[in-house]
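**Q** With the input below, show me the fold.
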Amino acid sequence: MDTNKIKKGLGRGLSSLIGETKAEININKVSISDLVSNKFQPRKLFDEDSLQDLTNSIKERGIIQPVIVRKSNDDSSKYEIIAGERRWLAAQRAGLHEVPVVITNVDDLKSLEFAIVENVQRNDLNAIEEARGYQRLIEEFSYDQEKVAQFIGKSRSHIANFLRLLGLPETVLKLIETKKLTPGHAKILVGLVNAEFVANKIVEKNFSVRQAENYVKIFKIKKHSFKTSKDANLQALESSIIEKIGINVLIKNKKNNTGTLVLEYKDLDQLNKIIEIIKSNY
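**A** Next up is the predicted model:
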């Protein structure tokens with residue numbers, strides 16, 4: 001695709017994208033069983049309540065907007081869905097045997113672009129699905145972040161921020177995919193060595209994004225702020241405490257087993273955290 005011809009996909013809408021392809025003018029009726037999922041579909045999770053609402057709507061009024069399809073490369077008797085997979089699923093639930101389709105002649109890149117634009121346009125993708133869609137454009141179709149931003153109609157920083165989410169642990173990605181964590185929460189976790197621990201705490205405490213930001217300050221401890229203890233057992237104990245409370249700890253133990261326990265705080269939030277821990281346990 002010529003970069004100079006790229007326009008903002010979301011600004012144009014799907015109808016304009018269809019206009020750039022060789023689409024049949026007439027809307028066709030195709031058997032539901034002749035349709036297959038889009039192999040480039042970035043959306044993996046479908047909200048059950050929303051899908052049921054669409055099913056009920058289709059039962060009453062039928063499918064108003066046709067499904068966009070292309071001939072399947074894997075099976076010449078099938079059509080691959082480019083946009084409208086949710087409508088196809090709801091139509092099956094509604095007991096329909098046929099669905100209206102617009103048949104297009106597009107390549108893999110255009111198929112992926114269709115799928116991403118439709119879902120982003122309707123806010124149907126969770127943050128991880130959206131990020132993986134951008135990643136696929138970059139890795140499989142030689143887009144760069146600027147080109148993705150131009151096509152999607154988002155800022156380059158938006159694309160970069162979403163792509164950074166993919167560096168989070170898989171367990172955290174699952175929390176984002178299931179919408180237990182918002183993209184706002186997720187951005188806070190990027191770069192944290194204990195992102196999984198913090199993510200679980202955010203979910204457990206039902207923190208807002210602002211509360212999560214304040215909580216994360218506790219864990220942003222400068223490395224090497226203390227000299228590490230030489231004794232391996234003490235190092236392990238220090239690490240265990242740090243993991244539990246998120247505060248930098250130094251244990252100094254003398255030969256007669258007397259010594260000091262030092263808890264470092266960087267601001268009043270961390271000091272209050274230490275005080276809360278002590279008060280709640282003693």
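**Q** which SSE is the residue nearest the centre of the chain in?
**A** In the chain, the C-alpha closest to the average C-alpha coordinate belongs to residue 128, at a distance of 1.7 Å (CA atoms, centre = their mean). In this assignment (DSSP states H and E), residue 128 forms part of helix 127-141.
**Q** so how far is that helix from its chain's centroid?
**A** 10 Å (CA atoms, centre = their mean, to the nearest Å).
**Q** With only the CA atoms kept, save it in PDB.
**A** C-alpha atoms of helix 127-141 as PDB (Å, rounded to 0.1, in the frame of the first residue of the first chain):
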ATOM      1  CA  ALA A 127      -6.500  -3.000  25.100                       C
ATOM      2  CA  ILE A 128      -4.500  -6.200  24.500                       C
ATOM      3  CA  GLU A 129      -6.500  -7.200  21.400                       C
ATOM      4  CA  GLU A 130      -6.000  -3.700  20.000                       C
ATOM      5  CA  ALA A 131      -2.200  -3.800  20.800                       C
ATOM      6  CA  ARG A 132      -1.900  -7.200  19.100                       C
ATOM      7  CA  GLY A 133      -3.700  -6.000  16.000                       C
ATOM      8  CA  TYR A 134      -1.100  -3.100  15.800                       C
ATOM      9  CA  GLN A 135       1.700  -5.500  16.400                       C
ATOM     10  CA  ARG A 136       0.500  -7.700  13.600                       C
ATOM     11  CA  LEU A 137       0.500  -4.800  11.100                       C
ATOM     12  CA  ILE A 138       4.000  -4.100  12.100                       C
ATOM     13  CA  GLU A 139       5.500  -7.600  12.200                       C
ATOM     14  CA  GLU A 140       3.600  -9.200   9.300                       C
ATOM     15  CA  PHE A 141       3.000  -6.300   6.900                       C
END
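**Q** Buried residues, that helix. List them.
**A** 127, 128, 129, 130, 131, 132, 133, 134, 135, 136, 137 (16 or more other CB atoms under 10 Å). In short, each C-beta sits where N, CA and C put it, glycine included.
**Q** What is the helix or strand just after that helix packed up against?
**A** As assigned by DSSP H and E, the chain's next helix or strand after helix 127-141 is helix 145-152. Contacts defined by 3 or more CB pairs under 8 Å, 6 or more residues apart in numbering; DSSP states H and E place helix 145-152 against helix 9-12, helix 108-121, helix 127-141, helix 156-165.
**Q** do you know which of these lies nearest residue 183?
**A** helix 127-141 (4.1 Å; CB to CB).
**Q** Report the mean per-residue pLDDT for that closest one.
**A** The average pLDDT for helix 127-141 rounds to 84.
**Q** So which elements touch it?
**A** Packed next to helix 127-141, using 3+ CB pairs under 8 Å, 6+ apart, are helix 108-121, helix 145-152, helix 156-165, helix 170-177.
**Q** what angle do that helix and helix 170-177 make?
**A** Helix 127-141 runs at 110 degrees relative to helix 170-177, counting by axes from the mean of the first three to the mean of the last three CA atoms, to 10 degrees.
**Q** Flag the shaky bits of this structure, pLDDT-wise.
**A** 1-27, 40-47, 118-124, 218-230, 243, 246, 282 (pLDDT under 70).
**Q** And the strands in it?
**A** 28-31, 35-36, 67-71, 79-83, 98-104, 248-253, 259-264 (DSSP state E).
**Q** export the third one as PDB, just CAs?
**A** Written as PDB, here are the backbone C-alpha positions of strand 67-71 (Å, rounded to 0.1, in the frame of the first residue of the first chain):
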ATOM      1  CA  VAL A  67     -21.400  -8.900   6.900                       C
ATOM      2  CA  ILE A  68     -18.400  -8.100   4.800                       C
ATOM      3  CA  VAL A  69     -16.700 -11.200   3.400                       C
ATOM      4  CA  ARG A  70     -14.200 -12.500   0.900                       C
ATOM      5  CA  LYS A  71     -13.600 -15.800  -0.700                       C
END
